[in-house]
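*Asks:* Return a 3D structure for these sequence lines:
(one chain, ligands or ions: 1)
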Amino acid sequence: MRRKLAAGNWKMNGTRAALGTLEALSRAHTTPSVDILICPPATLLAAAVEAVAAFPLAIGGQDCHAETSGAHTGDISAEMLHDAGASAVILGHSERREAYGETSETVRAKAKAAQATGLMTLICVGESLAQREAENTLDIIGAQLALSVPDTSTAQNCVIAYEPCWAIGTGLTPTPEQIAEVHGFMRTTLAARFADADGMRLLYGGSVKPANAAEIFGIGDVDGALVGGGSLTPRDFSPIINALESAL
Ligand code: 13P
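*Replies:* Numbering: from 1, shown residues only. So this is what the prediction gives:
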């Protein structure tokens, strides 16, 4: 049985004032029946870990470097995230693939380093609108999975997030049939490589809101969500967590 996961990606949002948001969210979910993870900006990591220390809420990073240390100005290693108290890291988000030219090979190297450090990796995959319109979605997802997910992945240290690029921050979402098709494909693809693929959690991400969460969580092989804008306030994220708990 896969434990569901509600993950929030705050992206480049949040100053110290946002720590109050985390405390409010924690107080609203003291005994959750799903895993809850918030990935704040790196500047807030250590303070966020401290703020939720008494609660069952996990804190993660949004990216890491593949190397442990060295001359990489501006970068953060997996070991540093772990040292700050993070238990997970998002890797291969489409915003990083697009804005920084991150390839799947780079994502795999980062994921390998993060898993070796003991972090759970949330590896993102997803097609562009042009790729979907050209009916290349499954080919793209298959190639991203093959190249981005390291052999060291297990049901414990690896979560895959399907985030169609055209659904991120746009208010657009795929149809339930489209999500089900990709998630079913991902499960089958992972099963060909990993003995415990049945236990790997597959998240959907892209414009998840309180209004559409229940429908999305009712789709087979959707084990939770990676939420951007809808994770920034308890007003939005709490109902999403509740919807995931109800979908059990
Ligand atoms: P939105 O929920 O804001 O569409 O962002 C999704 C996302 O990119 C999460 O990683």
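*Asks:* Chain neighbours aside, what residue packs nearest to the residue in the chain positioned nearest to the ligand?
*Replies:* Using CB to the nearest ligand atom, the point where the chain gets nearest to the ligand is G228, with a distance of 2.3 Å. Using the backbone N, CA and C atoms, a C-beta is placed for each residue, glycine as well. Closest residue to G228 apart from its sequence neighbours, by CB to CB, 6 or more residues apart in numbering: N9 at 5.2 Å.
*Asks:* what's near enough to touch the one you found?
*Replies:* Taking CB atoms under 8 Å, 6 or more residues apart in numbering, we find N9 in contact with 39, 62, 90, 93, 205, 226-228, 231.
*Asks:* G142 too?
*Replies:* G142 neighbours (CB under 8 Å, 6+ apart): 185, 189.
*Asks:* looking at this, it is in a helix?
*Replies:* Yes: counting by DSSP: H, G, I helix; E, B strand; the rest coil, one finds G142 located in a helix.
*Asks:* how close does it get to S148?
*Replies:* 11 Å (CB to CB, to the nearest Å).
*Asks:* so the residue of the chain most remote from its centre is in which element?
*Replies:* Computed with CA atoms, centre = their mean, the maximum C-alpha offset from the centroid of the chain is found at A71, amounting to 27.7 Å. Following DSSP states H and E, there is no helix or strand that holds A71.
*Asks:* Repeat that for P239.
*Replies:* Using DSSP H and E, the element containing P239 is helix 234-246.
*Asks:* what's the nearest residue to G230 if we skip its chain neighbours?
*Replies:* D236 (4.5 Å).
*Asks:* how many other residues sit next to that neighbour?
*Replies:* 18 (other CB atoms under 10 Å).
*Asks:* what do you get for G8?
*Replies:* Neighbours around G8, by other CB under 10 Å: 26.
*Asks:* Could you find the closest non-adjacent residue to it?
*Replies:* Excluding the flanking residues, the one nearest G8 by CB to CB, 6+ apart is S231, at 2.7 Å.
*Asks:* Can you get me a residue count around that neighbour?
*Replies:* Neighbour tally, S231, other CB under 10 Å: 28.
*Asks:* re earlier: what separates the residue farthest from the centre of the chain from H65, distance-wise?
*Replies:* Relative to H65, A71 is positioned 11 Å away (CB to CB).
*Asks:* just T121 next, same as before
*Replies:* In terms of CB to CB, T121 sits 14 Å off from H65.
*Asks:* So for these two, which sits in the more crowded spot?
*Replies:* Between T121 and H65, counted using other CB under 10 Å, T121 has the larger neighbour count: 29 against 21.
*Asks:* is the helix or strand harbouring I179 anywhere near the ligand?
*Replies:* Take DSSP H and E as the rule and I179 turns out to sit in helix 176-191. No: no part of helix 176-191 sits near the ligand under the criterion CB under 6 Å from any ligand atom; the closest distance found is 13.7 Å.
*Asks:* Can you give me the buried ones in that helix?
*Replies:* By neighbour count with 16 or more other CB atoms under 10 Å, helix 176-191 contains the buried residues 179-183, 185-187, 189-190.
*Asks:* How about stretch 199-206?
*Replies:* Quick answer for stretch 199-206 (16+ other CB under 10 Å): 200-206.
*Asks:* restrict those to contacts with the ligand.
*Replies:* Within the buried residues of stretch 199-206, those near the ligand by CB under 6 Å from any ligand atom are 205-206.
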